[in-house]
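Structure for the following, please:
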Amino acid sequence: MWKFLSLLSLTLATGAAQADPAVAEADAQLNRLIMAGDSQAAALYYAENFVLTASNGSQKDRARMLLEIGTPALHFKRNITEQVQVRVLGDTAVLTGVLHQIGSWQGQPFDYRFRVTDTWVRQGARWVLLAGHASLIPA
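Predicted structure coming up:
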C-alpha cells in the first residue's frame, strides 16, 4: 500500500512540475490589467473567439469583456486568483483557482469570490485565454 501511495505521490509531483508557469503568470498579468482598466493591453490576452460563462448562465464574448474592462463605472480594489493550479496538455492549459474581486460597479460595492476554470491555448510563444467559467462561491 505504501509503495502505491509513494508511486502516486511521485506521479502527481511529476505532473505538477510539467505545468507551464507562463500560464499562471499570464493569468496574473491579465488580472492586473483588468484591475487597472487597461482594455487595450488586456485585449492581447484574449483569443478572438473568447467566451466567458458567468455564474448566472450568461455569456460574454471578447468585445463585451473589453468594453466592461475599460468602462469608468468599474473600479477594482482587488482582482486576484488564488489557489491556482495549471494543467497542460500540448498547446492547451486549464487553470483553476479562486478569483477574489473587491470593488464597485456603477457606484455599488461588491466583494465576490468565484471558482474559476480558464482554458488557455498557446499561440506561438504566448498563451491566450480561449474560454472561462466562473461559479460564484456563496458568502
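
make it CA atoms for all contacts and neighbour counts henceforth
OK.

quick one, what contacts the closest residue in space to A54 that isn't next to it in sequence?
Nearest residue to A54 in three dimensions, chain neighbours excluded: A134, at 5.2 Å (Cα to Cα, 6 or more residues apart in numbering). A134 sits next to L52, T53, A54, S55, F114, R115, V116, T117 when contact means Cα atoms under 8 Å, 6 or more residues apart in numbering.

what about the first one, neighbour count?
This points to L52. 21 (other Cα atoms under 10 Å).

What residues of the strand or helix carrying V84 count as buried?
V84 is part of strand 74-89, with elements assigned from DSSP states H and E. Across strand 74-89, burial judged by 16 or more other Cα atoms under 10 Å covers L74, H75, F76, N79, I80, T81, Q85, V86, R87, V88.

For the fourth one, give the beta-bridge partners.
If I follow you right, that is N79. Counting by DSSP bridges, N79 is bridged to Q101.

Am I right that it is in contact with I102?
Yes - assessed by Cα atoms under 8 Å, N79 is found in contact with I102 at 6.7 Å.

Tell me where the model's unsure across this structure.
Applying pLDDT under 70 to the chain flags residues 1-19.

quick revisit: confirm that the residue nearest to A54 sits in a strand.
Yes - with DSSP: H, G, I helix; E, B strand; the rest coil as the criterion, A134 is part of a strand.

mind listing what E48 touches?
Contacts for E48 (Cα under 8 Å, 6+ apart) come out as R62, L130.

so it is in which element?
Since the elements are taken from DSSP H and E, E48 ends up inside strand 46-53.
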